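> Next one to model:
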Amino acid sequence: MFGSLLWQHFTGLPYLSAGSDLDLVWPVHRGHALGLLLDGIDGIERSAPMRIDGEIVFADGAAANWRELRQALSRHGPTEVLVKTIDGARFVQVTSLPGCEQIQ
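Next comes the predicted model:
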């Protein structure tokens, strides 16, 4: 977890509001059923009382927003996603990410 929930947990101060989203991190490894994970997050968000935000973090530490990744892996989405690493952020072809080669 990160974001408002994390700050409220660590500080005891009121960071959450009725409009807060839930920020989460999902670490994945090669061979992980990424498509099923993304569909599962989407399904949970549809019935959740708040927006679910967060990052899919690959084994090499690179991270992409779950919603952007899911859209890019659909037949109607872009072919690139913004990937964040310790060295910065850049757009990469979604098929170059571990576990995404076979999805498209």
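> List the contacts of the lengthiest helix in the chain.
When the chain is parsed with DSSP state H, its longest helix is helix 34-47. For helix 34-47, contacts defined as CB atoms under 8 Å, 6 or more residues apart in numbering pick out 26, 28, 51-52, 54, 56, 66-67, 69-70, 73, 99-100, 103. Bear in mind the C-beta positions are built from the backbone N, C-alpha and C, glycine included.
> cool, stretch 79-98 as well?
So stretch 79-98 is contacted by 28-30, 55, 58-65, 68-69, 72-73, 78, 100-101, 104 (CB under 8 Å, 6+ apart).
> So which of the residues you listed sit within strands?
Among the contacts of stretch 79-98, DSSP state E puts Glu55, Ala63, Ala64, Asn65 in strands.
> okay if I get the residues you listed as a markdown table plus pLDDT, distance to Asp21 and neighbour count?
Shown next, in a markdown table, are the ones in strands among the contacts of stretch 79-98 (pLDDT from 0 to 100; distance: CB to CB, whole Å; neighbours: other CB atoms under 10 Å):
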| residue | pLDDT | distance to Asp21 | neighbour count |
| --- | --- | --- | --- |
| Glu55 | 95 | 13 | 20 |
| Ala63 | 96 | 17 | 20 |
| Ala64 | 96 | 17 | 22 |
| Asn65 | 96 | 12 | 17 |
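> Cool, thanks, signing off.
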